[in-house]
Structures are given as C-alpha cells and as structure tokens.
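**Student:** Show me how the following folds:
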Amino acid sequence: MAPNTDDGVKASLELDESSSTNNTPQVTTSKSGGSGINLQQYNHLFIQPTAQGSGMIDPSPLISHDLIAHDADGAAGLNEQEMANLPERGDSENSSPSWHHPVQSTMNYFNTLSSFFTQQFLSWLAICQFCVNGGMFTLVMSLSLPIFQQLEVSASRQQLYTTMMLSPWAMKPFIGVASDLFPIFGYNKRFFALYSVLIGLAGCIVLLVLFHSETPHRAVEQGADAVQSLADAIVLCFTAVSFEAATLDILSEGKYSELMRIYPESGSSIISWKFGWSLAGSIITQSYVGPLSDAGYWHTLFWIATILSITPFYPTIRGWMPEKKRSSDEVGMMKLCPCCLFDIGGFKQKRTPFIVITLSGLAGPILAAVTTFADLNIGLISSAVMLLVLAITTWLVFPRVLFYVTTSMLLINLSSPTIGSALSYFYTASEECLPDGPHFSYTYYITVTGIVSSVVSFLAVVLYQATISSWRFRPAFMFTIVAGSLSTIIDVVIVQRWNISFGISDKLFFFLGNAVFESLVGILLGLPMSAIFAKIAPPGMESAVFAYVVGIQNFGNMLSGLLGSGIIQWSGMTTVGDNCDFSNLAEMIVIWKILIPILVGIPATFLVPNKLQTEPLIDWKEEKWYGSEHEETDERVQNEADTKEHIAVPQAEPYFV
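**Tutor:** Model prediction:
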C-alpha cells in the first residue's frame, strides 16, 4: 500500500527546533561514492551519496508498526490497515554482518533493511541510483573523455571541465537550505526533486540538438574558437545532468538518514542498498558506452541519457518519497505566493548557520565557473582563500568535533590532487600522439575495465559491510589511505613501461592491477567518510549541517581538481596532437599520489575521534549547541539518552517554538 504522503515523513531537509518533540537516539549512518574505472578521478572524491536528517520527524510511513506502537497516542497519522502493511522490525542484535557466515549475513542484511524501510521508498531510491546516478550520470561523465579528446581539448583543460561538471555536488548545502526554507506546494523535497529532473532533461535535450557524429570534426576544422564554444556548451549541459543527480542524491539521503538517526541499529544497510543499485546501473551503462563511443554513436548515447533522466519523475510525483505536507497555518511559516512558503521562523531561529551553509553551497560553483571560463590562477587563489574562510567559520560556529572531522577529511582529499585526466589521456592516446603508449580503445578503457571496476566496487561494499564497518574510524581511514597510495604504483609501472620489459602486456597489467585495486580502495575510503559525516549532524539541523559538511568536502575536492589541473599544466606535458609528451607523468604520480597522501593523510586521521562506527561522536546534551538552551531541546536530548525504543510522533503542535 502506498504511504500516506500527507501524514508521512516530513521532508528530510527540514531544519527546525520542533523536532525536539521526537524522542530519538543518536545518529549512525554511512554513504558511498561512484564507480567505474573512468570515473575514478572524480567519483570517489566528490561525495555523491551524503546523508541528512530533518527536524520534526514523523517517521511512520517508513518504519515498522511495532515501533509506532510505542507512541502512546498512536499519533502516526496512519490507520490500522496502513500500520498492518508496514514491515516487521528485524532483530537488531542479529543484524550485524558476519564475515564467517556470509549466507546468514546476507539474510540478516535484508531482514534489517526491510525492518526500517518500506518497499516504495526502497524502490524510489533504487530507481534514482540505478537510472540517474549509475545510469545517466555515469554515462555523461564517461563520455567526457572521448568527446573532449576528439575536440583536441588538453588534459589540463579537461580537468577544469570535469571540476565544473561536478560543481553541483558542492551545491548541496545551498540545495539543502533552499528546500528547508521554501516548501513548494507544501512539500520541502518533492518539487525540488521534480525541478531537478526537468533541468537534467533539458541538458540532455540540448545535447541531442547540438551534438551529432560529425560535430567534433566540424568544430576542429573551424578552429579553436569553434572548439571552445562547443566544449563550453557541452560542459553546461553535462553540469545540468550533474545537478539532477546531485539534487536527487541529497534529498534521498536526507530521507533515510532520518531513520538512521532514530535507529542506529539499522547500521549501514540502506547505504549498501543505495550503492549496490548505483553500481548495478554503472555496470550496465559502461557495457555500452565504450563500444558506442568507439563507433561515434553520440546521438544514441544522448537519447539513452534523456530517457534515463526522466525515470524518477513518476515515482516522485506519486509520493514514493513520502513527506508531511506543510501549510501557512503553522507558526513561523509565511506565504510568499500561492505555490511557495517561507519558513521564516526557522530562519530567524538559526540565522547564522543558515547564512554560513548557504554561502558555502554557492562558493564552489561560482569559483568553478570563474576558474573554468576565466583564469586558473585566480580560481586557485580564490578557492584557497574561501576554503580558509570556511574553515574559520566552522571553528567559530560549529562544535569542535565537527571542525576536527571536517579538517581531517579535507586534508586527506587535498593531499591527493586529481590528475586522472592526464592518466586517461595517456592510456587512450593514439599512435600518432604517443607511439610507445598503451593505446587503449574506449571499449576496453571504459567498458571492459569499467565493468570489472564496478564489480570490484560492489564486492568492496560487501567487504566493508562484513569487516571494516566494525572497525574504529581511525584505523579504517589509515588502512584505505595507505592501500590507495600504494595501488597507484601500478600506474607508475605502466607509464615507465616496466611491465613491457617483464613481458606483461599493458592490458593485462592494467586489468589485474588498476581496475581492481584503485576501485577497491576508493570505495573503502568513501564509505567510512560518509558514515562519519552523517554522525556529526546535530538533532534539529541534520540536513543543513550534513549538507554543509559534505559541501565543504566537495569544495575541497573541487580545489583538489583545480590543483591537479594546474599541476598538469605546469608540468609542461603535451596531451593532444601528433607529438605528445608524458615524460613527467611518473614523477607526478609518485609525488602527488603516493608520498604526499601518506605524509599528510595519515597524521590527519588523528583529528578523527577513535570510536567505533556504531558509536555516537558528539554528545549533544553536553555540547549545548544551537537550540540546546531551549527547554524542548533539552527535553528531547534527555529523552534520547533515556530510551531508544519510544517514538513520539509530533501532532498538531506548532512547528516552531
């Protein structure tokens, strides 16, 4: 039975104090990134899967009826028949995966998943991840390499374009605040999701009109100005597609993080579900992107992207991601126009965090645009200054633990600048460009190794769920940093052509090495990083603070991409044309992908609390952060400490106190 969307869970991006009426325990979650060998240079860096929470939670449509039964008043907004259709709650003590019993672990996993999330919400999440993140987004990001190579765009410039295309992921704080403060037709998330689908669809339609099989050759023949104009237009369309994926990602994560905060015993089961569908979509997508790219069937690929972009529209408008409808009658709610409300009460109550979060969400895309379409040096300097400002602001506004965790994750990512464009150009360079190069086709580089990479990434999720999820955060990060750095030795061997000296072909060495290990460690790093971000979000402001933290992280990743572009440019490498020069590539890998990540990243992990991933990182009762001075917030925190099993679902009390 479909959830009752009017009485369902309120938008996960609601930031208010009235959530103090919920008696909920501390948060526990995790998240994951992208997949595919050609997406490694950005997908495991830009945090796609984030998690958020909401205030004033009415979780009844997504949780089992025996949990709702703890509400003495039965005020879940569900009738008896609806409650009867909710899933049974699993035994949380038996839901922890065991590496020694994989069959039982799998059964426990699905038992845990079905205990806390309904079929329609899981279906909606699967559609978004399979069709949008794993399908459409993987497709367009995979196409960036062959398209820009055909346009003879340099690796340094392509790195800038990639940063611009991924800038919507740094907009998550802005998207979160906008959806929190401006309910559209009474819903915080539904219409933001629908509008993002329309934006992504528009980008795909423009690509269909603009780009055909002969378009790159005609642009090259017309000169540099024509190439620049075409490349800029393609980037803007790809950015629109990325915006759809990022928006749906942040909204969906907010929904499941509500229950992850209420029931930490649910663990990371929903994260694995989400990432598994994303990987499945990625595997299928990469199976045809490579061959069609080699054949030049760009129009066919863009038609596929167009179809994939509209798949979430129907389930979203039907309320498969349920929300509680807002109204202008609520205290603190102001009607701006017939279709839009403004949560002025919530804004006034937490003005400073809202402003900080909004600015952090806008900074990334603005600076990415300046750097891409203006000057790299100006963009790098401005980005560094903005990052410093955000760090100081985080220290002054947010709890210290949040500052330390954010700083640690920033140092880990900034210590490993993104130089994936140079590697991709090296591996796929033509014989005219690099006579002694590997000369990988797009079918091999995108499809064959991409599928292997996605399968390995899927196994990495299982491995993480079975083993590393039970580790403490600090050793989990240390292990993945060291493993990730050492895995790039494979690239050094191929670039130096040592494997040929040993009689090992490029394809075999790359297949057994890079396609396996780099994907493995990328996922193993992304999962605990997502988990720790979700656990530092405060009650009542989960969505905005989580979006802020992840937004800063993605902003740091953008700076990493810009720095990588500068490193490629300053190295003097020639990556396009008939006389390419990759002589400095091996040295770049050793310095920027092996030595510096270990020397900087390992010490940075000591800023992370050395706690288990199932333990809370911040005691909000002791922290006394925004709103905790209010009586209701104190009462909620006390209730969270006293009980895990009772849910007090808010009724018709004022939304703002």
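**Student:** CA atoms for contacts and neighbours, from now on please.
**Tutor:** OK.
**Student:** If you count neighbours, what's buried in stretch 276-296?
**Tutor:** 276-293, 296 (16 or more other CA atoms under 10 Å).
**Student:** Can you show me the helices along the stretch 451-600 of the chain?
**Tutor:** In the stretch 451-600 of the chain, the helices defined using DSSP state H, counting those that start in this stretch lie at 473-487, 489-495, 498-501, 506-512, 514-535, 542-570, 585-589, 596-604.
**Student:** Quick one: closest of those to Leu376.
**Tutor:** helix 542-570 (7.3 Å; CA to CA).
**Student:** List the buried residues in the closest one.
**Tutor:** 542-569.
**Student:** ok and that helix relative to helix 514-535, angle-wise?
**Tutor:** Calculated by axes from the mean of the first three to the mean of the last three CA atoms, to 10 degrees, helix 542-570 forms an angle of 140 degrees with helix 514-535.
**Student:** just checking, what packs against helix 542-570?
**Tutor:** Judged by 3 or more CA pairs under 8 Å, 6 or more residues apart in numbering; DSSP states H and E, helix 542-570 is in contact with helix 155-165, helix 167-170, helix 172-181, helix 351-373, helix 376-397, helix 400-414, helix 514-535.
**Student:** So for Ser179, what's the pLDDT?
**Tutor:** Note for Ser179: predicted pLDDT of 84.
**Student:** And for Asp16?
**Tutor:** For Asp16, the pLDDT comes out at 34.
**Student:** can you pull the alpha-carbon coordinates of stretch 583-596 into PDB?
**Tutor:** Presented in PDB, the C-alpha positions along stretch 583-596 are these (Å, rounded to 0.1, in the frame of the first residue of the first chain):
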ATOM      1  CA  SER A 583      57.700  12.300 -19.500                       C
ATOM      2  CA  ASN A 584      56.800  13.900 -16.200                       C
ATOM      3  CA  LEU A 585      53.800  11.800 -15.500                       C
ATOM      4  CA  ALA A 586      55.500   9.100 -13.400                       C
ATOM      5  CA  GLU A 587      57.200  11.700 -11.200                       C
ATOM      6  CA  MET A 588      53.800  13.400 -10.700                       C
ATOM      7  CA  ILE A 589      52.200  10.100  -9.600                       C
ATOM      8  CA  VAL A 590      55.000   9.300  -7.100                       C
ATOM      9  CA  ILE A 591      54.900  12.800  -5.500                       C
ATOM     10  CA  TRP A 592      51.200  13.600  -5.600                       C
ATOM     11  CA  LYS A 593      49.600  10.200  -5.400                       C
ATOM     12  CA  ILE A 594      52.000   8.200  -3.100                       C
ATOM     13  CA  LEU A 595      54.200  10.300  -0.900                       C
ATOM     14  CA  ILE A 596      52.100  13.400  -0.100                       C
END
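**Student:** What residues sit buried inside that stretch?
**Tutor:** For stretch 583-596, the neighbour count (16+ other CA under 10 Å) marks Leu585, Ala586, Met588, Ile589, Val590, Trp592, Lys593, Ile594, Leu595, Ile596 as buried.
**Student:** now the top helix by length along the chain against helix 155-165, angle please.
**Tutor:** Criterion DSSP state H: the longest helix present in the chain is helix 224-262. Counting by the same axes, to 10 degrees, helix 224-262 points 50 degrees away from the direction of helix 155-165.
**Student:** Distance from the following helix or strand past helix 224-262 to the middle of the chain?
**Tutor:** Downstream of helix 224-262, the next assigned helix or strand under DSSP states H and E is helix 269-295. Relative to its parent chain, helix 269-295 has a centroid offset of 15 Å by CA atoms, centre = their mean, to the nearest Å.
**Student:** For the next helix or strand after helix 269-295, buried residues please.
**Tutor:** Following helix 269-295 in sequence order, the next helix or strand is helix 298-309 (DSSP H and E). Residues of helix 298-309 classed as buried: Trp298, His299, Thr300, Leu301, Phe302, Ile304, Ala305, Thr306, Leu308, Ser309 (neighbour count, 16+ other CA under 10 Å).
**Student:** and if you look at stretch 464-482?
**Tutor:** Buried-residue list, stretch 464-482, by 16+ other CA under 10 Å: 464-466, 468-478, 480-482.
**Student:** Also stretch 207-227?
**Tutor:** Buried residues in stretch 207-227, counted by 16+ other CA under 10 Å: Leu207, Leu208, Phe211, Pro216, Ala219, Val220, Ala226, Val227.
**Student:** which stretches of the stretch 51-200 of the chain form helices?
**Tutor:** Assigned by DSSP H, counting those that start in this stretch, the helices in the stretch 51-200 of the chain fall at 65-68, 80-84, 102-116, 119-127, 138-150, 155-165, 167-170, 172-181, 190-210.
**Student:** possible to save those as CSV with distance to Arg326?
**Tutor:** Formatted as CSV, the helices of the stretch 51-200 of the chain follow (distance: least, CA to CA, whole Å):
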stretch, distance to Arg326
helix 65-68, 22
helix 80-84, 21
helix 102-116, 24
helix 119-127, 20
helix 138-150, 35
helix 155-165, 34
helix 167-170, 27
helix 172-181, 11
helix 190-210, 12
